[in-house]
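K.L.:
I would like the atomic coordinates for the input below:
(chains A and B)
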Amino acid sequence: MSELAGSAVFFALAVVIIGTALGVVLNKNLVHSALLMTACFIGVGILYITLEADFLGAVEFMTYSGGVAILIVMGVMLTHRGEGVPSNPFNGRELFAAVLAAVFVTVMGLVVTFIQIPPGGGFVSGDTVADLADMMLNTYILPFEIAATLLLAALLGAIILAKGDGEA
Amino acid sequence: MTIGLTHYLLLAAVLFAIGMFGVLSKRNIIAVLMGIELMLNAVNINLIAFNRYLPVHDLSGQLMALFAIAVGVAEVAVGIALAFRIYHDRSTINVDELNRMKG
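P.N.:
Numbering: from 1, shown residues only, chains lettered A, B, ... in the order given. The predicted structure follows:
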């Protein structure tokens, strides 16, 4: 990819990601927020692919824009209060939150601008799936097993929480 | 103009700030969860950009992002189940009204 095309892709993706993320937090309708969040995650997945992380891009599409978005839309619909009730109101502290977010962006912007980035480039893998699997099942086998246990516990916990213990 | 690590870090910082704004300013518990998801994604962009642009010798950044995604998804499942349970018991998911531990 030529340099100009790379920059154009990055800035287009940045506009999509920031625009949809702003839509998520500013939209009055919670269902619209959830759908915009799907668009935001698709943008982030494409950004991963431009960062040579194609497997993680696919994972992002499947888990976030697929699974999480559907889960959240279901949550929105199950907790709907009926017509006329605003589904996504602010809580009256939005000025405080906006100031805090602006301060965060300013501080992080200063840090990122003035930090020394060591030269030498990064690691680009020709086959991310094979390399990730190799690391996951050798060096990082313990975190892998812990993640498996965590997912099992979270699934069981979610089922018991949603159903209640007495009403199986 | 070459796109470098700085651009990705700035984009992630803005995304994180938007998510933080959502978490702090929303009244609906599911909207708060959406803000947390945006923040998690911003962190993952950082991890993958570090793996791509800093001098490392393996894919450890991408692997950490993968673990972060697994933890984030588990958190959403439990969070939605909690929100559903709270709505079932109290008919509200307004975080400002949820100040009792006891039903």
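
K.L.:
Give me the below-cutoff pLDDT ranges for chain A.
P.N.:
Scanning chain A for pLDDT under 70 picks out A:1, A:83-84, A:165-168.

K.L.:
Next, name the residue at the spatial heart of it.
P.N.:
residue A:41 (5.7 Å; CA atoms, centre = their mean).

K.L.:
List the buried residues of the helix or strand hosting that one.
P.N.:
Secondary structure assigned from DSSP states H and E places residue A:41 in helix A:30-50. For helix A:30-50, the neighbour count (16 or more other CB atoms under 10 Å in any protein chain shown) marks A:30, A:33-50 as buried. For the C-beta atoms, the positions are set from N, CA and C on the backbone; glycine is no exception.

K.L.:
just stretch A:56-65 next, same as before
P.N.:
A:56-57, A:59-61, A:63-65.

K.L.:
Show only the entries of the residues you listed found in helices.
P.N.:
Using DSSP state H, the subset of the buried residues of stretch A:56-65 located in helices is A:56-57, A:59.

K.L.:
how much space between the closest residue to residue B:83 other than its chain neighbours and residue B:92?
P.N.:
Nearest residue to residue B:83 in three dimensions, chain neighbours excluded: residue B:29, at 4.8 Å (CB to CB, 6 or more residues apart in numbering or on different chains). Residue B:29 sits 9 Å away from residue B:92, going by CB to CB, to the nearest Å.

K.L.:
Comparing those two, which residue is more hemmed in?
P.N.:
Taking other CB atoms under 10 Å in any protein chain shown, residue B:29 and residue B:92 do not tie; residue B:29 has more neighbours (21 against 15).

K.L.:
all strands of chain B, in order?
P.N.:
With strands called from DSSP state E, chain B shows none.
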